[in-house]
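In: can you look at this prediction? I've put the sequence above it.
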Amino acid sequence: MGIWMSSFSLIDRVFLGSAVVGGTLFLARMIMVLLGLGADGDGVGGTALPVDHDVDTGHQTDLSFKLLSFQALMAFFMMFGLAGLAMSQGSKFAALISLPVAAGAGVASVWVLRWLFSFFSKMQSSGTMDLKAAMGQRGRVYLTIPDSGMGKLELVVQGRMRVMSAVSLDGKAIPTDAQAEVVEIQSGDILVVRRY
């Protein structure tokens with residue numbers, strides 16, 4: 001290996017070192033994530049990622065990819081080294097051409113990863129149902145709603161079929177399979193419905 005390395009110029013060694021360090025860290029990080037180790041951290045020792053609290057919704061937004069995060073640096077150095085080495089060794093371009101191309105490849109990989117993380121974070125859902133979305137919705141009485149008690153209403157809320165507790169608005173019983181409309185929501189997630 002010493003003979004092979006001796007044929008490398010200083011810039012080639014920089015590219016190779018960058019590719020090896022970035023690629024090794026990237027591979028180690030991927031293995032850790034696949035094994036469930038360090039998926040919540042962004043750095044050494046499982047340091048927790050910063051979490052942004054959305055005041056309006058109470059949801060937490062994962063800030064797992066910052067421009068200067070550990071993942072971004074790994075991606076940059078890995079692609080910087082690989083592209084630079086390919087330009088320098090494969091095409092025998094001078095360092096003046098290889099360096100900007102390598103830096104461009106590193107920046108492009110960071111941008112692509114940032115876009116992917118952003119895309120996937122937008123696909124996340126908290127899974128929390130907003131009962132306000134049930135207002136005005138019509139559903140099928142799943143379990144008879146008695147005149148002075150609680151039954152069950154089957155309806156679609158936020159794209160999912162739900163079976164929820166319901167009471168009659170006017171105190172009249174609503175039989176199974178009848179159609180009913182949600183007119184109010186009581187505390188405890190109980191729907192107040194009227195026959196439709």
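Out: The structure has been received and is ready for your questions.
In: buried set for stretch 15-23?
Out: By 16 or more other CB atoms under 10 Å, the buried positions in stretch 15-23 come out as 15, 16, 18, 19, 22, 23. Glycine gets a C-beta too; all of them are placed from N, C-alpha and C.
In: pretty sure the fifth one sits against residue 85.
Out: Meaning residue 22. No - with contact defined as CB atoms under 8 Å, residue 22 does not count as touching residue 85 (11.7 Å).
In: could I get the full set of helices for this protein?
Out: 2-6, 10-34, 70-85, 95-122 (DSSP state H).
In: report all helices and strands that the longest one contacts.
Out: Yep, that's helix 95-122 we're talking about. For helix 95-122, the packing partners by 3 or more CB pairs under 8 Å, 6 or more residues apart in numbering; DSSP states H and E come out as helix 10-34, helix 70-85.
In: what does the second one give?
Out: The helices and strands touching helix 10-34, judged by 3+ CB pairs under 8 Å, 6+ apart, are helix 70-85, helix 95-122.
In: mind putting those helices into a markdown table with distance to residue 185?
Out: As requested, those are exported to a markdown table (distance: least, CB to CB, whole Å):
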| stretch | distance to residue 185 |
| --- | --- |
| helix 70-85 | 43 |
| helix 95-122 | 28 |
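In: and these: which comes nearest residue 31?
Out: Residue 31 lies closest, by CB to CB, to one member of the helices and strands packed on helix 10-34: helix 70-85, at 13.0 Å.
In: rewinding a little: out of the helices and strands packed on helix 10-34, deepest packed?
Out: Of the helices and strands packed on helix 10-34, the one with the most neighbours on average (mean count of other CB atoms under 10 Å) is helix 70-85, at a mean of 22.
In: mind saving the C-alpha coords of that one as CSV?
Out: Extracted as CSV, the C-alpha positions of helix 70-85 are listed here (Å, rounded to 0.1, in the frame of the first residue of the first chain):
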residue,chain,number,x,y,z
PHE,A,70,-22.6,16.1,11.6
GLN,A,71,-24.4,14.4,8.7
ALA,A,72,-23.8,17.4,6.5
LEU,A,73,-20.1,17.4,7.3
MET,A,74,-19.8,13.7,6.7
ALA,A,75,-21.6,14.0,3.3
PHE,A,76,-19.5,17.0,2.3
PHE,A,77,-16.1,15.4,3.1
MET,A,78,-17.1,12.0,1.6
MET,A,79,-18.2,13.6,-1.7
PHE,A,80,-15.5,16.2,-1.7
GLY,A,81,-12.9,13.4,-1.5
LEU,A,82,-14.5,11.0,-4.0
ALA,A,83,-15.2,13.7,-6.6
GLY,A,84,-11.7,15.3,-6.2
LEU,A,85,-10.0,11.9,-6.4
